[in-house]
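S.K.: quick one: sequence plus predicted model below, questions after.
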Amino acid sequence: MTAIENYIAPTSLEQAVELLAAGEATILAGGTDLMPQSHAGRVKFKPTLMNIRRIPELKGIALDGGWLRIGALATISELMAAELVRRHCPVLAEAGDHFASGQIRNAGTLGGNICNASPAGDTLVPLLVLDAQAELVSKPNGSLRTRTLPLAQFFTGPGRTRREPNELLAAVRIPVPPPGSIARFYKFGTRPALDISAISIGLAGVLRDGRLSQVRVAFGAVAPTPLRGTATEKALEGKRLTPETIAAAALAARDEINPISDVRASAWYRKELVHNMTKRMLENVAAAGN
Amino acid sequence: MSLQQEIEFTLNGVPTRVRVPVDMSALDMIRSVVGLTGTKYGCGEGECGACTILLDGVSVNACLLFAVDCDGRSVTTIEGLADDPIGQKLEKAFVEAGAVQCGFCTPGMVMQSRALLAKNPNPTREEIQRGIEGNLCRCTGYVKIVDAVAAAARAKE
């Protein structure tokens, strides 16, 4: 049974947001989440099904001033292959390597991964530590409006975001990391492919003269949304990566998350994993020096 | 009654026009509307890879693809590999390596291997294992499947 009364595949961003201004729509991009979720009854179709895959403004990966702009329709495979991503944000390409399977990476989009807002979404933790922003476009009073929102403020719960029903996520904007930037991503699942993470950890900052600054830490699958680890960041900001600093940061990470026990891992195990892997990631940064 | 939409696409090189419910998967369309049953339904949620097809040359799970999204695109199914040189090498290698037992995963395995060899004509065993990570086989234990893909890569035209 379906409530779909209208199917449309707009060919411009303006046309798409005009349709959204006229009424709510279910947005279809890669379909890799929408198809199984709608079949399982977890997502109910709105009267309009809007396929956004033919909108050129949502495609492409390009530098725009000091920003790397990634169109919402970039597939995970495109992200991993993109020279600009590999050069400026290799941690994002690396996270793509842990994402589902080849077939799903070829279809699933970055915008879809963000708007589905799974606490375990594989791109979300690296995007948070890269300080990414969501570029949201709407047409409220007959003229196009673009607003940007830090991704750290975008997620409000599992499957819930601050995107308004009349808005479309057009792109993600990432400030180009300055020289000396480091970044790491770690995902723990029980097998490499097609696994939903039990936990994931992201870490980024600038390492100069042995000191870490502009530190950003994020955790996935330990709360209703992917979240920034502000206490862990504070334990690291401006510090040398000595064994004492690393130990304190790992404890801060363990103590600032409040995960649940579920089929993938117990709360205790998640906290242990976050402690041990945060420590190991920081030791790796200290040893590598970049 | 679901809303229907007419779409046009190329299926195994043949221009095709069908009417499909807008919430139908490409897999249901290929099997039930078009009638090509080589593409298999395994899990229906992208975990097993039995329904792997090529969409504009790129491998995807047909069970996760909305049929309407095939509009204007090129779709290749296992039937379409009959005339494809790499497809023929894979077919021969799967038979010779004994990479088929029950055969249910085979169309998806071959399609994903076809996509892998198009991108990487000389993959290592590790790259083959990574390449077919989205395809499950419950019979062979994968060793003979990896053997087959490696043999197909080595085979001369």
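M.R.: Cool, the structure landed.
S.K.: let me see the contact set for the closest residue to chain B within chain A.
M.R.: Using C-beta to the nearest C-beta, A:Ser101 is the residue of chain A that sits closest to chain B, at 2.5 Å. In this view, the C-beta of every residue, glycine as well, is placed from N, C-alpha and C. A:Ser101 makes contacts with A:Ala193, A:Leu194, B:Gly46, B:Gly49, B:Glu133, B:Gly134, B:Asn135, as judged by C-beta atoms under 8 Å, 6 or more residues apart in numbering or on different chains.
S.K.: spatially nearest residue to it, not counting backbone neighbours?
M.R.: B:Gly134 (2.5 Å; C-beta to C-beta, 6 or more residues apart in numbering or on different chains).
S.K.: helix or strand: which one has the one you found?
M.R.: Assigned by DSSP states H and E, B:Gly134 belongs to neither a helix nor a strand.
S.K.: hmm, it is touching B:Met111, no?
M.R.: No: at 10.9 Å, B:Gly134 does not count as touching B:Met111 under the criterion of C-beta atoms under 8 Å.
S.K.: counting neighbours, what do you get for the residue in chain B positioned nearest to chain A?
M.R.: Taking C-beta to the nearest C-beta, chain A has its nearest neighbour within chain B at B:Gly134, 2.5 Å off. Residues near B:Gly134, counting by other C-beta atoms under 10 Å in any protein chain shown, number 25.
S.K.: care to break chain A down by domain?
M.R.: A:6-51, A:57-175, A:182-288 (automatic domain parsing).
S.K.: tell me which parts of chain B are close to chain A?
M.R.: Within chain B, the positions adjacent to chain A are B:2-3, B:5, B:21-23, B:25, B:44-47, B:49, B:52, B:55, B:58-61, B:63-66, B:68-69, B:71, B:112, B:115-116, B:131, B:133-135 by C-beta under 8 Å from any C-beta of the partner chain.
S.K.: could I have the buried ones of the residues you listed as PyMOL selection syntax?
M.R.: Buried subset of those, written as a PyMOL selection, criterion 16 or more other C-beta atoms under 10 Å in any protein chain shown:
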select buried, chain B and resi 3+5+21+22+23+25+44+45+46+47+49+52+55+58+59+60+61+63+64+65+66+68+69+71+112+115+116+131+133+134+135
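S.K.: can you tell me which of the residues of chain B next to chain A are in strands?
M.R.: Within the residues of chain B next to chain A, residues falling in strands by DSSP state E are B:Gln5, B:Pro21, B:Thr52, B:Leu55, B:Val58, B:Ser59, B:Val60, B:Asn61.
S.K.: make CSV out of these and add pLDDT and distance to A:Ala235.
M.R.: Output for these, formatted as CSV (pLDDT from 0 to 100; distance: C-beta to C-beta, whole Å):
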residue, pLDDT, distance to A:Ala235
B:Gln5, 97, 55
B:Pro21, 97, 54
B:Thr52, 98, 46
B:Leu55, 98, 47
B:Val58, 97, 44
B:Ser59, 98, 44
B:Val60, 98, 43
B:Asn61, 98, 42
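S.K.: burial count for B:Pro15?
M.R.: 8.
S.K.: picking up where we left off before, for the residue nearest to A:Ser101, give me phi and psi.
M.R.: phi -90, psi 10 (degrees, to the nearest 10).
S.K.: can you give me the helices for chain A?
M.R.: Counting by DSSP state H, one finds helices in chain A at the ranges A:13-22, A:34-39, A:76-81, A:83-88, A:90-96, A:102-107, A:110-116, A:124-129, A:230-236, A:243-256, A:267-288.
S.K.: return the set of buried residues in the last one.
M.R.: The one in question is helix A:267-288. Those would be A:Arg270, A:Lys271, A:Leu273, A:Val274, A:His275, A:Met277, A:Thr278, A:Lys279, A:Met281, A:Leu282, A:Val285, A:Ala286, for helix A:267-288 by 16+ other C-beta under 10 Å.
S.K.: ok, and the closest non-adjacent residue to the second one?
M.R.: The reference is to A:Lys271. A:Lys271 sits nearest to A:Arg254 (C-beta to C-beta, 6+ apart), 5.0 Å away.
S.K.: dump the residue contacts of the one you found.
M.R.: A:Arg254 neighbours (C-beta under 8 Å, 6+ apart): A:Lys271, A:Glu272, A:Val274, A:His275, A:Thr278.
S.K.: I'd like those residues laid out as TSV, including pLDDT.
M.R.: Compiled in TSV, those are given as follows (pLDDT from 0 to 100):
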residue	pLDDT
A:Lys271	95
A:Glu272	95
A:Val274	96
A:His275	97
A:Thr278	97
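S.K.: nearest to B:Arg31, of those residues?
M.R.: Proximity of those to B:Arg31 (C-beta to C-beta) peaks at A:Val274, which lies at 44.4 Å.
S.K.: so that closest one sits right up against A:Ala253, yeah?
M.R.: Yes: counting by C-beta under 8 Å, A:Ala253 is a contact partner of A:Val274 at 5.2 Å.
S.K.: and for the two, which residues touch both?
M.R.: Joint contacts of A:Val274 and A:Ala253 (C-beta under 8 Å, 6+ apart) are A:Ile201, A:Phe219.
S.K.: A:Ala250 versus the residue nearest the centre of chain A, what's the distance?
M.R.: What sits nearest the mean C-alpha location of chain A, by C-alpha atoms, centre = their mean, is A:Leu124, with 1.8 Å. Per C-beta to C-beta, to the nearest Å, A:Leu124 is found 22 Å from A:Ala250.
S.K.: where do the helices of chain B begin and end?
M.R.: B:26-28, B:85-97, B:106-119, B:125-131, B:143-154.
S.K.: can you read off the pLDDT for residue 15?
M.R.: Looking at chain A here, since you left the chain open. Note on A:Gln15: pLDDT of 97.
S.K.: if you could check chain B rather than the one you did, that'd help
M.R.: 98.
S.K.: also A:Ala193?
M.R.: For A:Ala193, pLDDT reads 68.
S.K.: for A:Gly121, same thing?
M.R.: 88.
S.K.: what residues are up against B:Gly134?
M.R.: A:Ala100, A:Ser101, A:Gly102, A:Gln103, A:Ile104, A:Ala193, A:Leu194, B:Gly46, B:Gly49, B:Thr52, B:Asn61, B:Gln112.
S.K.: for the second one, phi and psi?
M.R.: This means A:Ser101. Per degrees, to the nearest 10, the backbone of A:Ser101 is at phi -140, psi 170.
S.K.: so B:Gln101 touches B:Cys139, yeah?
M.R.: Yes: applying C-beta under 8 Å as the test, B:Gln101 and B:Cys139 come out as touching, 3.5 Å apart.
S.K.: and A:Val222, how many residues sit next to it?
M.R.: Count around A:Val222 with other C-beta under 10 Å applied: 28.
S.K.: might you report the residue contacts of residue 98?
M.R.: Reading this off chain A. Contacts of A:His98 (C-beta under 8 Å, 6+ apart): A:Asp122, A:Phe185, A:Lys187, A:Gly189, A:Pro192, A:Ser197.
S.K.: wrong chain, I was asking about chain B
M.R.: So B:Gly98 contacts B:Thr140, B:Lys144 (C-beta under 8 Å, 6+ apart).
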